[in-house]
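Chemist: pasting the sequence and the predicted model now:
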Amino acid sequence: FGDGAGAAVFSRAPEGHKGIMSCHMHSEGKHKEELTMKGFGTQHWLDEYDEKGIIPKIHFPQMNGNFVFKHAVVRFGEVIGEALKTNRMMPEQIDCLIPHQANLRI
């Protein structure tokens, strides 16, 4: 969705083995309408109020919450699996996982 998510895996490493183990970035533009803000940028100025003096909805994020929730849950598991596989690790080797999500259910 382009909302800016990230993850990092930290561990003690032998001398000379420092750095980022892997980085996994994905984007699915086909779902852009599920979480969008159409009034973003210079195409639509914030001084475009309606007749009641209210800023139009296009200047605020619009989200299909049910779709975004389900998609996030599925993709979150997939990218964790991808990172583990790439680094030849098992879930048992992870002591602590701190996800970045605004919703505790996710």
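Modeler: Everything's here; your move.
Chemist: helices along this protein, start to end?
Modeler: 65-86 (DSSP state H).
Chemist: the bottom helix or strand of it by mean pLDDT?
Modeler: Every helix and strand in the chain was compared by mean pLDDT, DSSP states H and E; the lowest is strand 35-36, with a mean of 87.
Chemist: list the helices and strands it packs on?
Modeler: Helices and strands touching strand 35-36, by 3 or more CB pairs under 8 Å, 6 or more residues apart in numbering; DSSP states H and E, are strand 62-63. Where you see a C-beta, it was placed from the backbone N, CA and C, and this is true even at glycine.
Chemist: how much space between the closest residue to Met63 other than its chain neighbours and Val68?
Modeler: Residue nearest to Met63 in three dimensions, not counting chain neighbours: Leu35, with 4.8 Å by CB to CB, 6 or more residues apart in numbering. As defined by CB to CB, to the nearest Å, Leu35 lies at a distance of 5 Å from Val68.
Chemist: got it, and Ile54?
Modeler: Taking CB to CB as the measure, Ile54 and Val68 are separated by 25 Å.
Chemist: and what of Phe60?
Modeler: Distance of Phe60 to Val68, computed by CB to CB: 15 Å.
Chemist: contact partners for the nearest residue to Pro91 once chain neighbours are set aside?
Modeler: Excluding the flanking residues, the one nearest Pro91 by CB to CB, 6+ apart is Leu84, at 6.5 Å. Counting by CB atoms under 8 Å, 6 or more residues apart in numbering, Leu84 makes contact with Met90, Pro91, Ile94.
Chemist: so which of those is the closest to Asp50?
Modeler: Checking the contacts of Leu84 against Asp50 with CB to CB, the nearest one is Ile94 at 50.0 Å.
Chemist: the closest one and Leu84, how far apart?
Modeler: When CB to CB is applied, the distance between Ile94 and Leu84 equals 8 Å.
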